[in-house]
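Enquirer: Structure, please.
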Amino acid sequence: MSATEVTADMRSIAASLMTGLFLTGLVAGCNGDNPARQFPAHLMVSYSANTTGSLFPCGCRIPLGGLSRRGGVLAQESPYPQLILDAGSFAGGNTGYDRFTAGWVLKAYALMGYQAVNLGIRESVQPLSQIREWDAESGGMLVSANLLDEMDMPATRTKLIREIGGIRIGITGMTMQGIQPIGATGMGRVVQPIPPLHAVMEEFDREGVDFAVLLADMGFEDIRAIVAQVPGFDLVIQGTDLVPSAGVPSTVLEDGTRLVAMGGAGKYLGRMRLDFTPDGTITGEEVMRVELNGTVPTLSSISALLTEYKLEMIERRTEFLQDPTNPFQRPQSPELVDVLTGYVGASFCDECHLAIRGEPAYVRHSTAWGILVGQQRADPGCLACHTTGWGVPTGMEDPYRDSHLTGVTCEACHGPAAGHVREQKIQREHLDPSSLLPYQDSTGVPFSREVPEAVCKKCHTEQWSPDFDYTTWLERVRHPEPIGPRRIYDAETGELITPDLPEGLELPSPE
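Expert: Presented below is the predicted three-dimensional model:
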């Protein structure tokens, strides 16, 4: 919905609702309406949004984020009462794997002490049964004023009231509608938020809420238009795809409501310290954006929880791979090295051997998939020699899902590389092998730096390569040694970060 639609479509409804005693009670706002309770001198609001199913650090140069790091920040002792909230889009998508991962995000949130989580755009495309299952597993922390079921009842609840620092804090949420899968059933529907938000604010007023918070997964202009018609919120936390700048203060809307935003796929955590007088007047604030980098301590309970996740993911890996709607992406984070098994795709090889990608011999092999047309792309006789790992567990099975294994890539010649990648990541990322899960390889195909003659002759037969000679042809594809990792640059300073390298090994030039 747009701000124009909100204003045009809902003006008459808002006008009829905002009348009489109802209007008088709401316009005054929740802040300071209960003089019998004294506000704390300070309140720390920690907030996240747009986690998109990201459980572990991610990033090509400097991995950021990760739930264990977020938990480490939130677990640090604070002199202030703390309110921990999420503005929505904690799920990554609507496939079986996405829903599985989102459930673990919420389990981690419960361990971290989150008080409320908004149902955002990515949750609006989930089956209602799944949303309610998540809510039960997380202890009832999900909230939304405008996501309804087929009976026009709330998908979970429209509000939560928490006692923090001696005051009553009311929390509600709203979202825009995401794009639902074609033919999906059992889905909720997103309605215009103004009428349900008015109803929530009336309940806040009746229940003596001192401080009202709105979690909103939608654009700034839409939020501003809605808040202008539903007065009384003290704080709005906006979910966004963008990464807010560090140290930027809150935006104060026309009615005095403060608004802060957070995004970035779980790589950052927002923190806002509010300073109060005893009657609830805000006298100051400090807004911080915490970058979840490698210097941030981790929380052991979250790390243990994520180990449970990895064990279950290994058990259900085949189920997720066989889901035709899900092009399952193998994770590349160092913390997930222990779930790598079998064929992993050439992107892992690129981390250290990127220079090989430009060699003519590699290019000719890797583009073998493009030679196939029409029914050839479903013919096992063709796929065996134009893809990687055909007929082997974790290898090519479905071209759509296993697009990382189309063409004759590194692993077609050298064998499944998960074990090799694991060893290299342990060394380069200084991981403790004892903290990782035992490695299991289901392929039965050995990994070899040298390419055995039998491997070449599986495809270079007398029929297809009558002139093939292993000894001479091998020299055509032999890679120059040594091959080192890419240059890695610090995202903030631009300085070169040089990993530990064996003596005499030099870094190749940047791409």
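Enquirer: Residue 172 is in contact with residue 209, isn't it?
Expert: No. If you go by CB atoms under 8 Å, residue 172 and residue 209 don't touch, sitting 10.2 Å apart. From N, CA and C alone the C-beta is placed, and that goes for glycine too.
Enquirer: neighbour count winner among those two?
Expert: The neighbour comparison of residue 172 against residue 209 (other CB atoms under 10 Å) goes to residue 172, with 30 against 27.
Enquirer: ok, the helix or strand hosting the more buried one: who's next to it in the sheet?
Expert: Secondary structure from DSSP states H and E places residue 172 in strand 167-175. Strand 167-175 has its sheet partners listed here by DSSP bridges as strand 160-164 (antiparallel), strand 211-217 (parallel).
Enquirer: Give the next helix or strand downstream of the last one.
Expert: Beyond strand 211-217 in the direction of the C-terminus, DSSP H and E gives the next helix or strand as helix 220-229.
Enquirer: now the angle from that next one to strand 167-175?
Expert: 130 degrees (axes from the mean of the first three to the mean of the last three CA atoms, to 10 degrees).
Enquirer: tell me the mean pLDDT over helix 220-229?
Expert: When pLDDT is averaged along helix 220-229, the result is 94.
Enquirer: ditto for stretch 343-355
Expert: For stretch 343-355, mean pLDDT rounds to 82.
Enquirer: what comes up buried for that stretch?
Expert: Residues of stretch 343-355 classed as buried: 343-346, 348-355 (neighbour count, 16 or more other CB atoms under 10 Å).
Enquirer: any idea how far that stretch is from the chain center?
Expert: 23 Å (CA atoms, centre = their mean, to the nearest Å).
Enquirer: switch to numbering from 30
Expert: Okay, residue one is now 30; in that scheme the one you just asked about reads as stretch 372-384.
Enquirer: Using CSV, write out the CA atom coordinates for it.
Expert: What follows is stretch 372-384, C-alpha atoms only, in CSV (Å, rounded to 0.1, in the frame of the first residue of the first chain):
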residue,chain,number,x,y,z
TYR,A,372,29.8,-31.7,-3.7
VAL,A,373,29.8,-28.0,-2.8
GLY,A,374,30.1,-26.1,-6.0
ALA,A,375,32.8,-24.0,-7.6
SER,A,376,32.1,-20.9,-5.6
PHE,A,377,33.9,-22.5,-2.7
CYS,A,378,36.9,-23.2,-4.9
ASP,A,379,36.9,-19.6,-5.9
GLU,A,380,37.8,-18.5,-2.4
CYS,A,381,41.3,-19.7,-3.0
HIS,A,382,41.6,-20.6,-6.7
LEU,A,383,39.8,-17.8,-8.4
ALA,A,384,42.5,-17.3,-11.0
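Enquirer: does residue 406 count as helix, strand or coil?
Expert: For residue 406, the secondary-structure state derived from DSSP: H, G, I helix; E, B strand; the rest coil is helix.
Enquirer: wait, isn't it in contact with residue 412?
Expert: Yes. Between residue 406 and residue 412 there is a contact under CB under 8 Å: 7.5 Å.
Enquirer: Could you tell me the phi and psi values at residue 232?
Expert: In terms of degrees, to the nearest 10, the main-chain angles of residue 232 are phi -70, psi -40.
Enquirer: Leaving out chain neighbours, which residue sits closest to it?
Expert: Beyond its immediate neighbours in the sequence, the residue positioned closest to residue 232 (CB to CB, 6 or more residues apart in numbering) is residue 188, lying 6.2 Å away.
Enquirer: how near is the one you found to residue 229?
Expert: Using CB to CB, to the nearest Å, we find residue 188 at a distance of 5 Å from residue 229.
Enquirer: Can you find the helix or strand in this protein with the smallest mean pLDDT?
Expert: Least confident helix or strand, the chain: helix 49-56 with a mean of 34, by mean pLDDT, DSSP states H and E.
Enquirer: Quick check: what element follows it along the chain?
Expert: strand 71-77.
Enquirer: Figure out how far that next one is from the centre of its chain.
Expert: So, by CA atoms, centre = their mean, the centroid of strand 71-77 is 21 Å from its chain's centroid.
Enquirer: Over to stretch 183-200?
Expert: On CA atoms, centre = their mean, the centre of stretch 183-200 falls 26 Å from that of its chain.
Enquirer: just stretch 304-322 next, same as before
Expert: 27 Å.
Enquirer: average model confidence for it?
Expert: Averaging pLDDT along stretch 304-322 gives 92.
Enquirer: Next: stretch 438-452.
Expert: 91.
Enquirer: the strands in the stretch 280-429 of the chain, which residues?
Expert: 280-281, 287-291, 297-305, 311-320 (DSSP state E, counting those that start in this stretch).
Enquirer: thinking again about what came up before, and the strands paired with strand 196-204, which is most packed in?
Expert: Ranked by mean neighbour count under mean count of other CB atoms under 10 Å, those are led by strand 240-246, which reaches a mean of 28.
Enquirer: before we move on, the earlier item: which of the strands paired with strand 196-204 sits closest to residue 208?
Expert: The closest of those to residue 208 is strand 240-246. By CB to CB, the value is 14.1 Å.
Enquirer: now the closest one, how far from the chain's geometric center?
Expert: For strand 240-246, the gap between its own C-alpha mean and the chain's C-alpha mean amounts to 22 Å (CA atoms, centre = their mean).
Enquirer: which helix is the longest one in the protein?
Expert: Secondary structure of the chain per DSSP state H: the longest helix is helix 329-350.
Enquirer: Name the surrounding residues that touch it.
Expert: The contact list for helix 329-350 (CB atoms under 8 Å, 6 or more residues apart in numbering) reads 84-85, 96-97, 99-101, 124-126, 129-130, 133, 136-137, 140-141, 355, 357, 364-365, 367-368, 370, 426, 430, 466, 469.
Enquirer: Try it again at 7 Å.
Expert: 84, 96-97, 100, 125-126, 129, 133, 136-137, 140, 355, 357, 365, 367-368, 430, 466 (CB atoms under 7 Å, 6 or more residues apart in numbering).
Enquirer: Please pick the buried ones from the residues you listed.
Expert: Buried, going by 16+ other CB under 10 Å: 84, 96-97, 100, 125-126, 129, 133, 136-137, 140, 355, 357, 365, 367-368, 430, out of the contacts of helix 329-350.
Enquirer: Cross those residues against helices and list the overlap.
Expert: Per DSSP H, the buried ones among the contacts of helix 329-350 map to helices at 96-97, 100, 125-126, 129, 133, 136-137, 140.
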